[in-house]
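Enquirer: the sequence isn't on hand, but the structure is:
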């Protein structure tokens, strides 16, 4: 290329003035019509929900199911009266123990008596069950029931037989303070007369023991015996 042609091209380039306003108008027109790319801006597809949003949604759904299940179980555990029932196997009914006044005072090798100790006073008393046996006993349960009249509460108990031979308890049951002595397995009660005593406080004054009773049930190596009664005057 000679120098004259090069000079002409340079003069033409310097003389060219682009129409800037027209170019901007074309760009704006293209952007308003949309498209995959405009003025260097790339349109990206919508992304899937972030993982934590999926976890939150699943948690909310599980909580809803648990809430409905809990409501159903709670409703099933209440009866029409608003009380709560506990599901489970029904336990067999047990008859109330026979009261002492319905039993004889003597049966087979056993003889019995109930009395209030003469040392009892206006605030405290000791009721005693005396058991006499003509045979050695392989099993024996003595029960002393003190009616829960005013102020009655236990202050202790004792027996004339060895303490280690018996399991003893004192508790309130069905309107009575109940003392119970049970011979331990493998132990025996020898022939003779034996005493079981329950001690208790009561309201001030002379206490009437007519509501009290006792029972003694025994086995003399195969022979069953049961005695009982109420309480006579102090002696």
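Expert: Now that the structure is in, tell me what you want to look at. Just so it is clear, the structure is predicted and the values come from calculations on it, not from any experiment.
Enquirer: list the contacts for residue 139?
Expert: 183, 217, 218, 219 (CB atoms under 8 Å, 6 or more residues apart in numbering). Bear in mind the C-beta positions are built from the backbone N, C-alpha and C, glycine included.
Enquirer: now residue 155
Expert: Contacts of residue 155 (CB under 8 Å, 6+ apart): 124, 199, 200, 201.
Enquirer: tell me which of those residues fall in helices.
Expert: Judged by DSSP state H, helices contain none of these.
Enquirer: ok, the residues you listed vs residue 211, which is closest?
Expert: Of all these, residue 200 has the smallest distance to residue 211: 13.2 Å, by CB to CB.
Enquirer: so what's the residue count around residue 158?
Expert: Residues within reach of residue 158, counting by other CB atoms under 10 Å, total 15.
Enquirer: for the residue nearest to it when sequence neighbours are not counted, pull up the helix or strand it's in.
Expert: Take residue 158 and drop its neighbours on the chain: the residue closest to it by CB to CB, 6 or more residues apart in numbering is residue 197, 5.4 Å away. Residue 197 is part of strand 192-201 when elements are defined by DSSP states H and E.
Enquirer: one step back: tell me the two of the contacts of residue 155 that are most distant?
Expert: Spatial extent of the contacts of residue 155 (CB to CB) is set by the pair 199 and 201 at 8.5 Å.
Enquirer: name the residues contacting each of those two.
Expert: With CB under 8 Å, 6+ apart as the test, residue 199 and residue 201 both reach 124, 155.
Enquirer: between the two, who's got more neighbours?
Expert: Neighbours were counted for residue 199 and for residue 201 using other CB under 10 Å; residue 199 has more, 19 against 13.
Enquirer: ok so, going back, mind checking which of the contacts of residue 139 are buried?
Expert: Burial by neighbour count, 16 or more other CB atoms under 10 Å: within the contacts of residue 139 this picks out 183, 217, 218.
Enquirer: take these and keep only those in strands.
Expert: 183, 217, 218 (DSSP state E).
Enquirer: now the last one: how far from residue 133?
Expert: Distance check for residue 218 against residue 133: by CB to CB, to the nearest Å, it reads 7 Å.
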